[in-house]
Structures are given as C-alpha cells and as structure tokens.
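> pasting the structure only:
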C-alpha cells in the first residue's frame with residue numbers, strides 16, 4: 001500500500017431518473033447500491049414502479065409528465081439510504097486497517113450482524129416489491145428472494161430464535 005490506502009470502491013453516481021420522456025432504471029439511473037455494488041434488487045424495485053406508472057399512462061389514467069414526476073419522487077425516497085452507504089464507501093478505504101478490523105470484529109457479533117443484514121435487506125424488501133408488482137404473491141417474492149440470499153436466511157434464523165426466546169419468557 002504505497003499511499004496508505006487499501007480496498008476500492010464501486011463507481012456510483014446518481015443520475016437523472018428520466019431522459020426526455022423515458023424512465024431510467026438500474027445502472028442507467030445510477031441505482032447500484034453504494035458499498036455493496038448490488039443492482040438487481042434496486043432495478044427490480046424501481047423498474048416495477050416505472051412499469052406500473054407506464055401502464056397508467058397507457059391506460060390514460062395519468063399524463064407522462066405526471067408519471068415521470070411520481071417516479072422521481074419514488075426514487076428520491078431511497079436517496080438517504082444511498083447517501084449513507086456512499087459516505088461509508090468513501091471513508092472506508094482511507095481508514096487504517098486496524099480500525100477496519102476492529103469494526104469488522106464488532107459487526108460479526110450475531111446481534112449486530114443480524115440487525116445490519118435485516119436493515120440492508122429491507123432497503124428493497126420483496127414485500128414492498130410485491131405491492132408494486134400485481135399478480136405476484138408477497139410470499140412468492142419473499143421466498144424467491146430469500147432462496148438466493150444467505151443474509152436473509154441468517155436473518156430468518158435470528159427471527160426464529162428470538163421468537164422462541166419470547167415464547168419461553170411468556
């Protein structure tokens with residue numbers, strides 16, 4: 001480490017959510033999650049809303065400018081989460097390795113790790129996506145997502161453990 005820095009970062013830059021009369025989704029809108037680089041869940045989440053709004057435009061329920069405006073507001077609701085993770089992404093590589101190892105040691109504790117994983121998973125929760133994606137049952141989307149997400153499995157195990165503890169106390 002000649003310059004004292006280590007690691008790297010994911011290129012992330014929020015971009016306009018539309019260009020002229022076109023919705024921008026996923027990488028085209030800079031919707032990759034900072035720090036983790038995940039882009040599929042955000043693309044599904046924002047794409048489902050854009051599709052829902054486009055359907056309403058085609059059905060003459062709302063105008064295209066109104067749909068684009070609503071989509072922009074919907075995307076903006078997640079901006080705070082993106083800003084927080086972007087700060088972490090930018091600060092982390094500049095920290096001394098000993099600090100990173102200390103934080104990693106604390107994060108690995110079951111209670112802390114599970115809480116972080118639950119928070120991260122809920123950023124683009126399949127249950128919320130189900131509300132935007134008519135015709136797909138919430139449980140079906142959740143099971144599809146958790147089948148491919150070890151973090152979700154760990155979080156579910158934590159929830160089951162906590163439920164058992166509450167039952168024993170009660």
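Looks like it came in fine. Here the structure is a predicted model, which is why all the values come from computation and not from measurement.
> Run through the strands of the chain in chain order.
For the chain, the strands defined by DSSP state E cover 18-19, 22-23.
> Relative to residue 79, which of the ones you listed is closest?
strand 18-19 (15.5 Å; CB to CB). Every residue, glycine included, has its C-beta placed from N, CA and C.
> Given the closest one, what are its sheet partners and their directions?
Using DSSP bridges, the strands paired with strand 18-19 are strand 22-23 (antiparallel).
> Including distance to residue 93 and mean pLDDT, could the strands of the chain go into a markdown table?
What follows is the strands of the chain, written out as a markdown table (distance: least, CB to CB, whole Å; pLDDT from 0 to 100):
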| stretch | distance to residue 93 | mean pLDDT |
| --- | --- | --- |
| strand 18-19 | 32 | 94 |
| strand 22-23 | 33 | 96 |
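> Quick one: closest of the ones you listed to residue 86.
Of all the strands of the chain, strand 18-19 comes closest under CB to CB, at 21.6 Å.
> which other residues reach the closest one?
Strand 18-19 is contacted from outside by 24, 68, 71, 72, using CB atoms under 8 Å, 6 or more residues apart in numbering.
> Let me see the contact set for the closest residue to residue 56 other than its chain neighbours.
The spatially closest residue to residue 56, leaving aside those adjacent along the chain, is residue 62, at 5.0 Å (CB to CB, 6 or more residues apart in numbering). Neighbouring residues of residue 62 by CB under 8 Å, 6+ apart: 53, 56, 70.
> which of those count as buried?
Among these, those classed as buried by 16 or more other CB atoms under 10 Å are 53, 56, 70.
> now the second one: how far from residue 114?
So the one you mean is residue 56. Residue 56 is 39 Å from residue 114, where distance means CB to CB, to the nearest Å.
> any idea how far the residue nearest to residue 56 is from residue 74?
13 Å.
> next one: residue 13
Taken as CB to CB, the span from residue 13 to residue 74 is 19 Å.
> Look at the two and report which has more neighbours.
residue 74 (17 against 8; other CB atoms under 10 Å).
> Not counting sequence-adjacent ones, nearest residue to the more buried one?
residue 49 (5.1 Å).
> what about the one you found, how many neighbours?
By other CB under 10 Å, the residues close to residue 49 number 22.
> can I assume it is in contact with residue 72?
No. Judged on CB atoms under 8 Å, residue 49 makes no contact with residue 72 at a distance of 10.6 Å.
> show me where this structure has helices.
40-58, 64-76, 79-91, 97-107, 110-122, 126-132, 138-147, 150-169 (DSSP state H).
> Mean pLDDT lowest where, among those helices?
For the helices of the chain, the bottom mean pLDDT is recorded on helix 138-147, which sits at a mean of 48.
> Thanks a lot, catch you later.
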